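Trainee: from the sequence below, what's the structure:
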Amino acid sequence: MATSSSQTGVNIDNNSKPEINKAEKDLSWYLPLYKAALKGDWEGASRFFVLDPDAVTAKITRTSETVLHRAVGTGKAIHFVKKLLELIPPNALTLKNQYSDTVLHFAAKFGNTEAAKLLVAKNPHLPNTWNDTQLLPLHVAGLFGHKEMVLFLLTVTKDDVEPSPFAEEPGVRLLNIVIVAGFYDVALHLVRRYPKLATWRYSTGVPVKLENFTCHPNGGDLDNPADSSQVCAQMCCHGRFRRYCFTSVPCIKHIHDTKLMHHQALQLVRCLCMEVIGLDNLKADFIVKPPVLSAARLGIHEVVEEILKSLPTAIWSLDKEQHDVFQLAVINRRETVFNLLYQMNEHKHLVTQISDIKENNILHLAGKLAPPHRLTLVSGAALQMQRELQWYKEVEKVVQPNYREKQNSAGKTPAMVFTEEHKDLVREGETWMKDTAKSCTITVALVATVAFAAAITVPGGNNGDNGLPIFSKVKAFIIFAISDAISLFSSIASMLMFLSIRISRCAEADFFHALPKRLIIGLVTLFLSIASMMIAFGATLYIMFGHKTIWILISVVALACLPVTLFVSLQFPLLVDMIKSTYGPGIFCMRSELPFY
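Mentor: Residues are numbered from 1 along each chain as shown. As a prediction, the model looks like this:
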């Protein structure tokens with residue numbers, strides 16, 4: 001029985017090997033083999049190889065990839081790769097696609113470590129094969145965040161070849177890649193083994209970037225794979241890793257990994273700084289200038305502090321607009337970096353005197369509106385305005401008195417800049433405050449009405465002889481009377497607070513303390529009035545129906561908790577944020593008693 005290939009037009013007899021016209025071997029001819037590689041279907045692939053033995057090393061895709069490229073890229077069936085390697089000669093493993101990627105580049109890209117081990121075992125030269133973008137498989141593994149693959153390739157990539165993967169531009173590129181991926185232990189290993197990487201610069205003038213301390217999505221696992229324990233042993237600053245078994249407690253393991261990553265990042269920064277210290281001052285300042293400014297801009301205070309401890313002159317580094325470290329911290333609202341100012345000695349008075357190219361001093365910059373991504377860290381326009389005022393007043397404390405009235409090149413004082421930049425936010429804050437007060441006023445009015453009505457129509461009625469409530473001597477009635485009085489008085493107090501907000505002029509300075517204080521009092525008394533009203537209502541039901549049946553009391557208590565819980569879930573986060581922002585310790589504080597400069 002013969003089957004016909006609709007794609008090639010060649011009759012294929014299961015009992016004979018047909019003659020194949022090479023001109024007909026286009027991409028559609030290799031489509032069944034392509035699909036077999038994706039599925040890990042070795043039986044289908046082996047039948048195709050019987051039909052076309054040259055297909056083992058043929059280019060089967062538009063980008064000139066072989067079947068082995070596709071097989072190691074799927075990672076579904078390692079047995080497919082093993083069988084395929086039995087048919088391929090070692091020198092054929094160096095075949096490249098149109099981007100000069102070998103099969104090991106593909107295994108590195110997809111994190112197929114098991115396949116990579118098989119490939120290197122058959123051709124040890126693959127780890128040192130470059131593609132057309134001058135990347136080794138080791139670089140590719142780091143770019144795609146596959147740490148296990150990076151650790152394996154470090155053990156098989158040779159450094160005694162030309163060009164060396166761990167020297168000059170290739171080495172610096174690799175160091176940057178693993179830092180961006182969050183593999184700080186790998187980066188620390190590279191710097192300790194190849195110290196010159198810390199001070200080498202690209203031909204374009206870009207040094208190793210200390211500020212690239214961001215975690216890659218696949219780079220959070222800091223446990224070292226068992227197969228790479230020898231490499232991992234060299235990557236810790238003490239020469240070995242302590243292995244913890246926290247897999248049964250994911251939360252603890254996550255905390256451990258986060259702390260370990262943080263520690264490794266700091267060790268890496270210190271190691272890099274120690275290498276830079278050995279250079280002359282001019283070259284050292286030139287190298288650390290980009291990272292210290294970027295770290296200040298991003299709010300990575302640990303990097304800023306470590307650099308300034310090692311190279312104190314870096315504090316005078318300026319960007320193209322003549323902004324220093326603390327000015328960048330103010331512009332980008334990075335309080336952790338700004339707080340380093342309190343750990344300085346008398347030099348802090350000199351630092352705050354710097355003006356940028358537009359003659360803006362640091363107080364002018366505090367008067368500018370915060371970047372949108374920093375402004376939205378607090379909820380509500382009113383809290384945002386309060387945070388902006390806190391920044392301005394804090395910076396105002398550290399500048400010289402005459403700087404508060406100093407004009408920039410546009411003839412504006414810091415106060416004028418603040419008013420102009422924040423006029424829209426003041427308007428939004430006023431709207432937010434009054435809308436919130438209006439909504440709460442309606443609720444408070446309903447609570448006050450119910451509490452007043454309950455006070456004059458007590459449960460059980462009054463005694464006809466003396467006019468006293470019939471249940472006046474029952475404990476539940478006393479609870480009702482007290483809670484109803486609390487509900488009435490607190491709701492009235494809350495109403496007065498919200499009314500004062502609604503009729504307030506909402507001036508710029510009012511958002512610092514006056515308006516937040518009124519809103520806090522209003523929300524607290526509103527919560528108290530709702531909670532006490534529920535208690536009064538529950539006591540009434542118990543007096544009337546439940547003094548002899550316990551399940552009624554339990555049901556009443558459970559139902560009474562429902563509205564209180566809803567209020568807490570909806571309004572309590574806002575109340576907590578408002579209290580912390582107004583009466584809390586604040587975001588400005590000295591992190592340590594020890595000066596670093």
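
Trainee: so who does the closest residue to Leu488 other than its chain neighbours touch?
Mentor: Leaving aside its sequence neighbours, Leu488 sits nearest to Ala451 (C-beta to C-beta, 6 or more residues apart in numbering; 3.8 Å). Yep, even glycine has a C-beta here, placed from its N, CA and C like the rest. Neighbour list for Ala451: Asp484, Ser487, Leu488, Ser491, Ser529, Met533, Ala536 [criterion: C-beta atoms under 8 Å, 6 or more residues apart in numbering].

Trainee: now Ala451: which helix or strand?
Mentor: Assessed by DSSP states H and E, Ala451 sits inside helix 423-456.

Trainee: mind giving me the packing neighbours of the helix or strand that that helix is followed by?
Mentor: On the C-terminal side of helix 423-456, the closest following helix or strand by DSSP H and E is helix 475-502. For helix 475-502, the packing partners by 3 or more C-beta pairs under 8 Å, 6 or more residues apart in numbering; DSSP states H and E come out as helix 423-456, helix 514-541.

Trainee: just want the angle from helix 475-502 to helix 423-456.
Mentor: 150 degrees (axes from the mean of the first three to the mean of the last three C-alpha atoms, to 10 degrees).

Trainee: for the residue nearest to Leu488, give its distance to Gly111.
Mentor: Noted for Ala451: a distance of 65 Å to Gly111, by C-beta to C-beta, to the nearest Å.

Trainee: swap in Ala71?
Mentor: Distance from Ala71 to Gly111, by C-beta to C-beta: 15 Å.

Trainee: who has more neighbours out of the two?
Mentor: Ala71 (29 against 18; other C-beta atoms under 10 Å).

Trainee: I figured the more buried one hits Lys35, correct?
Mentor: No - using C-beta atoms under 8 Å as the test, Ala71 is too far from Lys35 to be in contact (11.8 Å).

Trainee: in CSV, list the contacts of Ala451 along with neighbour count.
Mentor: Below are those laid out as CSV (neighbours: other C-beta atoms under 10 Å):
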residue, neighbour count
Asp484, 24
Ser487, 27
Leu488, 23
Ser491, 27
Ser529, 26
Met533, 26
Ala536, 25
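
Trainee: okay, and for the stretch 401-550 of the chain, where does confidence drop off?
Mentor: For the stretch 401-550 of the chain, applying pLDDT under 70 flags the ranges 462, 464-467, 546-549.

Trainee: do the chain as well
Mentor: In the chain (pLDDT under 70), the answer is 1-25, 75-76, 201-256, 346-347, 462, 464-467, 546-549, 552-553, 591-597.

Trainee: tell me where it has strands.
Mentor: Counting by DSSP state E, the chain has strands at residues 2-4, 11-13.

Trainee: residues in contact with the residue nearest to Leu126 when sequence neighbours are not counted?
Mentor: Spatial nearest neighbour of Leu126, chain neighbours left out: Leu104 (4.2 Å); criterion: C-beta to C-beta, 6+ apart. Residues counted as contacts of Leu104 (C-beta under 8 Å, 6+ apart) are Leu93, Ala116, Leu119, Val120, Leu126, Pro127, Thr129, Pro137.

Trainee: any idea how far the fourth one lies from Thr74?
Mentor: When C-beta to C-beta is applied, the distance between Val120 and Thr74 equals 19 Å.

Trainee: neighbour count: the two, which is higher?
Mentor: Val120 (21 against 17).

Trainee: check contacts around the more buried one.
Mentor: Neighbours of Val120 in contact, by C-beta under 8 Å, 6+ apart: Leu104, Leu126, Pro127, Val156.

Trainee: turn the contacts of Ala451 into TSV, columns for distance to Met385.
Mentor: Output for the contacts of Ala451, formatted as TSV (distance: C-beta to C-beta, whole Å):
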residue	distance to Met385
Asp484	38
Ser487	33
Leu488	34
Ser491	28
Ser529	28
Met533	33
Ala536	38
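
Trainee: out of the residues you listed, what pair is the most spread apart?
Mentor: Ser491 and Ala536 (11.9 Å; C-beta to C-beta).

Trainee: if we can go back for a sec, please identify the buried residues of the helix holding Ala451?
Mentor: For helix 423-456, a neighbour-count test (16 or more other C-beta atoms under 10 Å) marks 425-426, 428-430, 432-434, 436-437, 440-441, 443-444, 447-448, 450-451, 454 as buried.

Trainee: again, but for stretch 454-470
Mentor: Buried residues in stretch 454-470, counted by 16+ other C-beta under 10 Å: Ala454, Val458, Pro459, Pro469.

Trainee: please apply the same query to stretch 49-67.
Mentor: Buried residues in stretch 49-67 (16+ other C-beta under 10 Å): 49, 51-52, 55-61, 64-67.

Trainee: and stretch 321-336, by the same measure?
Mentor: 323-336.

Trainee: what about it, start to end distance?
Mentor: 22 Å (C-alpha to C-alpha, to the nearest Å).

Trainee: try stretch 502-522
Mentor: Note: stretch 502-522 ends 12 Å apart using C-alpha to C-alpha.

Trainee: what's next to it, contact-wise?
Mentor: Stretch 502-522 has contacts (C-beta under 8 Å, 6+ apart) with 382-383, 385-386, 389-390, 393, 418-419, 422, 426, 429-430, 433-434, 436-438, 440-441, 493-494, 497-498, 500-501, 575, 578-579, 581-582.

Trainee: show me how far that stretch is from its chain's centre.
Mentor: For stretch 502-522, the separation from the chain centroid amounts to 33 Å (computed by C-alpha atoms, centre = their mean, to the nearest Å).

Trainee: and if you look at stretch 97-117?
Mentor: 30 Å.

Trainee: ditto for stretch 153-168
Mentor: Relative to its parent chain, stretch 153-168 has a centroid offset of 33 Å by C-alpha atoms, centre = their mean.

Trainee: mind listing what's buried along stretch 87-95?
Mentor: Buried, per 16+ other C-beta under 10 Å, within stretch 87-95: Leu87, Ile88, Ala92, Leu93, Leu95.

Trainee: let me fix that: stretch 258-269
Mentor: Leu260, Met261, Gln264, Ala265, Leu266, Gln267, Leu268, Val269.

Trainee: then stretch 123-140?
Mentor: By neighbour count on 16+ other C-beta under 10 Å, the buried set for stretch 123-140 is 123, 126-131, 135-140.

Trainee: just send these back as CSV, with distance to Thr525 too.
Mentor: Below are the buried residues of stretch 123-140 laid out as CSV (distance: C-beta to C-beta, whole Å):
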residue, distance to Thr525
Asn123, 77
Leu126, 73
Pro127, 70
Asn128, 73
Thr129, 73
Trp130, 72
Asn131, 69
Leu135, 65
Leu136, 67
Pro137, 66
Leu138, 64
His139, 63
Val140, 62
